[in-house]
Every structure is written in structure tokens, then in C-alpha cells.
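*Asks:* the sequence and its predicted three-dimensional model are supplied below.
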Protein chains: 2
Amino acid sequence: MSNQVNRQMHLNAFIMGTGQHLAAWRHPLSQRDGVFSISHYKQVAQIAEKGLFDALFFADNLGLQPAPPESRAQNANFFSLEPITLLSYLSAVTEHIGLISTVSASYLEPFHLARKFASLDHISNGRAGWNLVTSATDFEARNFALDNQRDHSLRYRRAAEYAKIVKGLWDSFEDDAFTFNKESAQFYQPDKLHELNYRGEHFTVKGPLHIRRPVQGYPVMVQAGSSEDGQELAAETAEVVFTAQQTLQDAVAFYQGLKSRLAKYGRREDELLILPGVYPVIGKTEQEAKAKYQQLQDLIPEASGLLLIHHFGLDVTKYGPDDPFPELPHSEGFQSRIKLLYELALRENLTIRQVFQRVAGGRGHWTIFGTPASIADQLEEWFTNFAADGFNVMPPLLPSGLSEFVEQVIPELQGRGLFRTAYEGRTLRENLGLKRPQNQYAGYTSNTF
Amino acid sequence: MSNQVNRQMHLNAFIMGTGQHLAAWRHPLSQRDGVFSISHYKQVAQIAEKGLFDALFFADNLGLQPAPPESRAQNANFFSLEPITLLSYLSAVTEHIGLISTVSASYLEPFHLARKFASLDHISNGRAGWNLVTSATDFEARNFALDNQRDHSLRYRRAAEYAKIVKGLWDSFEDDAFTFNKESAQFYQPDKLHELNYRGEHFTVKGPLHIRRPVQGYPVMVQAGSSEDGQELAAETAEVVFTAQQTLQDAVAFYQGLKSRLAKYGRREDELLILPGVYPVIGKTEQEAKAKYQQLQDLIPEASGLLLIHHFGLDVTKYGPDDPFPELPHSEGFQSRIKLLYELALRENLTIRQVFQRVAGGRGHWTIFGTPASIADQLEEWFTNFAADGFNVMPPLLPSGLSEFVEQVIPELQGRGLFRTAYEGRTLRENLGLKRPQNQYAGYTSNTF
């Protein structure tokens, strides 16, 4: 079905504590304190690398979600280690796999962010990726002296400026600026240093960054926003887009829509990879897969399930869990996640309980069941129909769900020529088939040397 | 001479690129691009751990020091990798050694700092330490939207508030809050969660931090300020103080002065360790040590030497390098580093060149030469006279200067019973002999469980 020779999937391992499922930590196979355990993450990272995944991908948030005390205390996935710290550690115990972290542009000075990712890229020898998000909750804002989150469109205007600054800082030195010449005492060529001197609407940053240009030029730029603003920012600046799509039809529409926005920024379609999330439940038989799915569903405390809907952006406290899923109040902006649930409920005529059970695993992402061959079939169908350039794989349980994927699904995909059998490149950028960006200031030097 | 049985030194390995000396990167033994090389830092860390050092200690700054282009380009030590990223990596390739990083309280939100260090402490299994500094230059301020650095006393008032917030966030959960009970679906006990709800003069932070309390309770609290404000803040909150002292007499006075401030904060003298910096030049003979010292001095470009004085806080451009060191203009506050130089020049009647040569190595710290036995003698003299509880060892060259110290000086100190022959504890705090702080909110729970 592919119209492209040798087109292969890209796969990220999306890592959330001991698994994507809300109740993963309660499962008999889970390390109950795994979310805080570095040996757990080390094991997960090494399994993903054995499976030749392009990258590890960590989500992030900046606070503890508010909720009634008892149901809040049932949720392991409200907790995390700080992802850059974690990925820096993991860079020491892996060799090839990419290291992508979400970091919000809302509350961290761009100078700090540019520096952290430049360091991670050097430390890992070119394996860093940054998932740019803006923080969209009030509870996070309150940890940073604000009473409420910023307005949606303001967040995106700030983020666009932020990304520009960060790239400018990464370009502080040209690639060949550092001569390290002991004899002449010249550590770098001064004319290949570029001060940023940025003064914008939201930020003022002088620069330069006191670090060599990242190995990849820029760490790989990832985004996850599916709103109108989010797609536009992605079309301008992202190289990988992480999206939640429930059906092939929707996924194809999103894929075509986003790719078609690229031309106006002078970009080719292969300069941006679209990787929907997928929540795979793998069994030796279809029956076993369904049973595994249900085993986790039965571990969801009801209060936590309702809380989950709440965290998607809808207050359902006035309904019973077995009432039909209610219509959404009118709102604009970031609510694309809750809209997905509403559309799901409408399409399949689901109750609130049925929705939270569906959400507790994939969290609004595409959920698939089956044997390894069936899982591979479903991924292949999306891939060959240009609904996806690959996937963010979100195992229900970690590490077991990832091991199953690596041992059973990856060989299926490899057998079909859909996935690599060895890492092609040295850097994340090379493995993703993305070009290394040139230094934007490299043409503007005076040649005093 | 010691009045304390079995009192032993604590030693940190102070790591600056390829060595403490300004011209270290030009030395034949140096890896010329070592400052950006993770394999370099890995080697250094493993040597320090082999030597049973208490901790690695990284300095930090937040920008590239301004200077005339040619002399600026001669300085490798203006560059660094971001130290938390680096220490997270190094935690994966070491087992025992502590991991201390300088992080400025001036431009990073306290929520981020608390989270980073809590993560590092978990990842390293209790080996993190935070050297709290405030940023004292305009060039750093300009990377964070300010035109100039904040006033000295404002910086310290902010820092005191900052430290309080960070500790409050680390105390978000009591030590036994996390029950990880799969059966009851209780991940933690809600009554052992404490929201910070901090509203102060400079910061507003709601909390809680969404991470388990650090392994050490708090990462070890380090400070380096020797000004009046700095000493007072240290007496209140620091557990390790890093100081620059040139003579035994001054060091004893500083030691006694700072220790005597502790009582008013209800602290015992052994709750704060004072570790002066020491720049050791080790030779098989005194002559060889002197020759090694001179070899590095001869590698200092004159422009870089003058620049160094400038960076200590004094403009000497109107003098020739062989003029006597000038008197200081009257000023207050953070200028303790330049005062040290002035006192040194006065004491020994030095020219500007002689001062920058002295500074280019130890950078205002105590410089000692000699055979391993002589180095050990000098350290012992300070230690047994209560000028120090140990030292921040600043090798001229890395890794070679550190290897020499580990292979030649450490056995001398061990032979005299002055240094450990194996790590005593599991955490940095245990190795330093510091108590684990209790959670400040642990008494204030309601027992609803």
C-alpha cells in the first residue's frame, strides 16, 4: 500500500511510571514503587533499546493534581522523577536509543532549557529530543507564583517566542567554532560566536549560551498540541508530532491536515513525523488479550476513574458513573483531549464508567488488542494508509508490556520490512531520518581569522 | 593535636573542566576538548571514587563571561556542561561518591530546583548535595531579562526565602507516607501529605512537590558565601561551607567565627563542616612540584591573566602587568574574593602579573606545593589546628592532578589515620557524618488513618 520504497515506522517507547494504565501500579506484575525507582527505569530503557525503538519518551507535569484526598492517593501516575535528570542517568546505561523529554515552556527560563538540552545532547552523544508543551492547568501555575494558568493563545505566543530563543542559544557557536588550539591558546574562533541579544514581547535574553553547539545542531523538536494553535506551531517548528487519534479516518485527516500546513513554512512533508499514541494489549490469543485488558480495568477504583474524567477537563460529579456520558459545555482552546472522549462516547453510546475504563488505559489514545500478528496488522494498516509515520507505543504495564512488544510485535514488524533490524544512525536525528539543522547565523560572520 | 578521637578529614573533589588552572586545557596532559566530553568527566568521577572522596563538587555560572574577544577565546573554563545533567549521568557510573552541584537561587524557580535535587537524590540513592549560591554578575542577569544583578542584600534575602521553600517542598510527604498498598489501592497516606502554601516577600509557591521525600531527607546543603550575609545564611542553613582562605591564621579565625554563629540557631558545631579550597601541586621532590607549577604558569596568556583579575572584580586596564597591585576602591558586599587578592599582594608585595599568576591556579584558594608527605603535612596542620574539617581539593589538571592526589596523598593521609579507608555510609550525608533531617511537618498530621 505504501507509495514510498522502504518506508519504515518510527517507534517511541512512551514511559509513564510502571505503565500507561491508571491502575498499572496495582497489577501483580508491577514493582509497586517503580515510579521512584531508578533500577525500574534502567530496565525499561534497556528493553526499549534492545527492541531498537527510536526513543524513550517521557511526559511531564509540574505539580500534584488536585483531587479529593482519598482518590488522589490512589494514583501512582500523579508522581514522577524529573525527566531530564532521569534521561541523563539513562544516557549512561544505553548507547543508541533517543532520549525525549517533555519540558514546559511556561515556567522555566529559556536560557535554562537551552542549556539543559544542549548538555543532554552532548552527554548522550546526540540523542536528545525536546517535547515542547505549555502548562495548561491552574495547579501547576500555583507552584510558580501565578493564581491561574495563562490564557491559551498567550501560552502559544510565548511558546513560539520561547522556541525561537532556545534555537538561537543553541546557535551561539558555529559548528566549527571550537578549535581547541593549545599552541595558539585559541579555544574557539571569536568570529564564530554569535550573541543572541533577543528582546521580544515576552522574553529578553542576551546570550550567548556557554556551551558548544549540540551534537545534533538542535535536539529533535517534538510537539503534542492538536489544537489549531498547536498544529500551526508544530507546522512551523516541530519535527515529530505526538497526537491522540482514535480512528483510522480521523488519523488520516489529521495527518493530511498537518502535513499540508508545512509548505507555507517552506518545509517538506518528510521534515515532520506524525506519531499517534497507541495502547497495545498483546495476548497469545485474542481471548488472552481481552482478558489481560479486563484484568487491569477491574483494578480501577471507581473514585479514580471519575477523577480521570475530571482531569481530562470535565466535571462529572453531578452524574452517576452509569449515566450516559454528558454533552460538553461550549469552550474553546486546549480542550481537544476531552473532545476525544465525548466523540468516543457518542460514537459508541458509552456511559461515564465505560468511558473512564476506556480512558484509564490509553488515556484518549488508540487502544488495540490481539495477538502479535494482529497488533502488527493494525499498526501496518495505519502506517501504510498514511495515518502515521510510526507510533508512540504506550505499554499498559512496564516493563512487562514493553517486553512483550519487543519480543513479539517487533519481530512481526521486522519480518514485514516495516521496522529496522539495527540502528541506522548514530544520533536520534539520524535514526529518525531528520536532517541536521544548519546554524542560522553561520552566514553572518566577519572573517577576521 | 586533635582534641577529638578519630576525627577524620572530609574531602571533595572540586571539578572544573580539565583542571583548576586557567591554562589547564593547554597543558600537554590535557584532553583539549575535555570540558565538553562526558568520557572525561566519567574518568574523573571514577578516580575520585577510587580515592574515597566524599563528593564531586561542581561550580556553575549562567553565561559566558564578557571580555575582549581574543582573550575571552583563550579560556576553556568559561564553558561547562550543565552540572545536574552531568551529575545525573555520573550517578550511573559511580556507586558511593557524593554529587554536589552549585545551582544559583537567582533565576530558577524554587519548585524546579527542589524537584531536580529530589530526583538526583533518588536516582543516586542519597548522594546529592546542593551548593546554594546567588548570581553576582550582570552578564548572568542579562540572560534572565534583568539589566543588572540584584543588590547584594536583596540576593541574600531572596536566597534565605528560597532555601526555606525548597526544604518545605522536600517535606511535602513524610518519610513513611508512601504505603504502595496494591490491595487497598492506597499509594500513599493522604494525611502524610503537606501542602506548602507559601506566600512570602519574593516567592509564592503552593506545592506539594509530586515526588517522594529525598532519600537523605534533604540533599546536603552547601554554601560558599564568606561575606557577612553569606556567613549568617550559612550558620542558619548550611551543612558544608566551602571557603577560600590563604593562611592558617585566617582560616582558623574564619572557622572559629562561623562555628560560633551556630549556637544562636540552635545548632551544634559538628552540624556544619568547613572545607577550604586547596590547590595542591604534587611532585616526587619539592623541585619537581615547583617545576610543575611553573610549567602551567608559563602557559597563561598575558591577556587572560589580566582578564582574571578583572573577573575577580577589579579593573586593572590602566596599569601595566608589572606595576604593583593597586589599592582597592571602597566597596561593600560580595567583594570578598578580590579582597583576598589585595591582601595577598600587600602581604607579599606582588605585582599585577605575580598576582594573576598566583590566581590562575588556585583562584584565590590556598596553594600548596611539595611531595606527597609534605602536602599531607600541610593539610594535617590546618586540620588539626581547626582551620578546617577537610578540604575542597582543586587539582591543577584533571584527571592527572586528581590521580596523583589519589595515588600519592590519600595513602599518606590514611597512614596517619586522617582519612577513611572505606566509605562508612550509604549516603553522602552518612559519609559526611551529618544527621538526616526530620520532616518539619511530621508533628502536624491529623490521624485520620
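*Replies:* Everything's here; your move.
*Asks:* so is the longest helix seen in chain A next to chain B?
*Replies:* If you go by DSSP state H, chain A has its longest helix at helix A:152-170. No: Helix A:152-170 does not reach chain B (C-beta under 8 Å from any C-beta of the partner chain); its nearest approach is 8.7 Å. Yep, even glycine has a C-beta here, placed from its N, CA and C like the rest.
*Asks:* next structured bit after that helix?
*Replies:* Toward the C-terminus, helix A:152-170 is succeeded by strand A:178-181 as the next helix or strand (DSSP states H and E).
*Asks:* what is that following strand packed up against?
*Replies:* The helices and strands touching strand A:178-181, judged by 3 or more C-beta pairs under 8 Å, 6 or more residues apart in numbering or on different chains; DSSP states H and E, are strand A:186-188.
*Asks:* got a list of contacts for the following helix or strand past the strand it packs on?
*Replies:* Per DSSP H and E, the first helix or strand lying C-terminal to strand A:186-188 is strand A:198-199. When contacts are defined by C-beta atoms under 8 Å, 6 or more residues apart in numbering or on different chains, strand A:198-199 is touched by residues A:164-165, A:168, A:204-207.
*Asks:* which helices and strands sit right next to the longest helix of chain A?
*Replies:* By 3+ C-beta pairs under 8 Å, 6+ apart, helix A:152-170 packs against helix A:110-123, strand A:128-133, strand A:198-199, strand A:204-205, helix A:228-237.
*Asks:* and the stretch 201-350 of chain A, which residues reach chain B?
*Replies:* Counting by C-beta under 8 Å from any C-beta, the positions of the stretch 201-350 of chain A adjacent to chain B are A:203-212, A:299, A:301, A:304.
*Asks:* can you say which of the residues you listed are buried?
*Replies:* A:203-212, A:299, A:301, A:304 (16 or more other C-beta atoms under 10 Å in any protein chain shown).
*Asks:* each with direction, which strands does the lengthiest strand in chain A pair with?
*Replies:* Longest strand in chain A by number of residues (criterion: DSSP state E): strand A:273-282. The strands beside strand A:273-282 in its sheet (DSSP bridges) come out as strand A:240-243 (parallel), strand A:366-370 (parallel), strand A:390-393 (parallel).
*Asks:* now the angle from it to helix A:228-237?
*Replies:* Strand A:273-282 runs at 120 degrees relative to helix A:228-237, counting by axes from the mean of the first three to the mean of the last three C-alpha atoms, to 10 degrees.
*Asks:* which is the next helix or strand following strand A:273-282?
*Replies:* Trace forward from strand A:273-282 with DSSP H and E and the next one is helix A:286-297.
*Asks:* for that following helix, packing partners?
*Replies:* So helix A:286-297, by 3+ C-beta pairs under 8 Å, 6+ apart, packs with strand A:273-282, helix A:352-362, strand A:366-370.
*Asks:* for B:Q149, find the nearest of these.
*Replies:* Closest approach to B:Q149 among these (C-beta to C-beta): strand A:273-282, 43.1 Å.
*Asks:* would you mind writing the CA trace of the closest one as CSV?
*Replies:* Provided in CSV are the C-alpha atoms of strand A:273-282 (Å, rounded to 0.1, in the frame of the first residue of the first chain):
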residue,chain,number,x,y,z
LEU,A,273,7.0,12.9,11.5
ILE,A,274,3.5,12.2,12.9
LEU,A,275,3.4,9.5,15.6
PRO,A,276,0.0,8.8,17.2
GLY,A,277,-0.1,7.2,20.6
VAL,A,278,-1.1,3.5,20.7
TYR,A,279,-2.0,1.4,23.7
PRO,A,280,-1.4,-2.2,22.7
VAL,A,281,-2.7,-5.1,24.7
ILE,A,282,-0.9,-8.2,23.5
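*Asks:* quick one: mean pLDDT for it?
*Replies:* Per-residue pLDDT over strand A:273-282 has a mean of 97.
*Asks:* quick one: it to chain centroid distance?
*Replies:* 11 Å (C-alpha atoms, centre = their mean, to the nearest Å).
*Asks:* buried ones in that strand?
*Replies:* A:273-282.
*Asks:* doesn't A:R150 fall inside a helix?
*Replies:* No: using DSSP: H, G, I helix; E, B strand; the rest coil, the secondary structure at A:R150 is coil, not a helix.
*Asks:* give me the pLDDT for it.
*Replies:* Looking at A:R150, its pLDDT stands at 87.
*Asks:* ditto for A:D229
*Replies:* For A:D229, the model assigns a pLDDT of 83.
*Asks:* so who does the nearest residue to it once chain neighbours are set aside touch?
*Replies:* Excluding the flanking residues, the one nearest A:D229 by C-beta to C-beta, 6 or more residues apart in numbering or on different chains is A:Y156, at 4.1 Å. Taking C-beta under 8 Å, 6+ apart, we find A:Y156 in contact with A:134, A:225, A:229-230, A:233.
*Asks:* and of those, the nearest to A:Q414?
*Replies:* Nearest member of the contacts of A:Y156 to A:Q414, counting by C-beta to C-beta, is A:G225, at 32.3 Å.
*Asks:* starting from A:F242, give me the distance back to the closest one.
*Replies:* Relative to A:F242, A:G225 is positioned 9 Å away (C-beta to C-beta, to the nearest Å).
*Asks:* just A:Q295 next, same as before
*Replies:* 27 Å.
*Asks:* of those two, who's got more company?
*Replies:* A:F242 (27 against 15; other C-beta atoms under 10 Å in any protein chain shown).
*Asks:* state the distance from that one to A:E82.
*Replies:* For A:F242, the distance to A:E82 - C-beta to C-beta - is 20 Å.
*Asks:* what does A:F14 give?
*Replies:* In terms of C-beta to C-beta, A:F14 sits 17 Å off from A:E82.
*Asks:* could you do A:I15 as well?
*Replies:* Applying C-beta to C-beta to A:I15 and A:E82 gives a distance of 14 Å.
*Asks:* how far off helix A:286-297 does the longest strand of chain A point, in degrees?
*Replies:* Using the same axes, to 10 degrees: strand A:273-282 against helix A:286-297 is 100 degrees.
*Asks:* pLDDT value on the nearest residue to A:E424 once chain neighbours are set aside, please?
*Replies:* With C-beta to C-beta, 6+ apart as the criterion, A:E424 has its nearest non-adjacent residue at 5.8 Å, and that residue is A:N431. The score at A:N431 is 98. That number is its pLDDT.
*Asks:* A:N431 contacts A:G390, doesn't it?
*Replies:* No: between A:N431 and A:G390 there is no contact under C-beta atoms under 8 Å: 11.1 Å.
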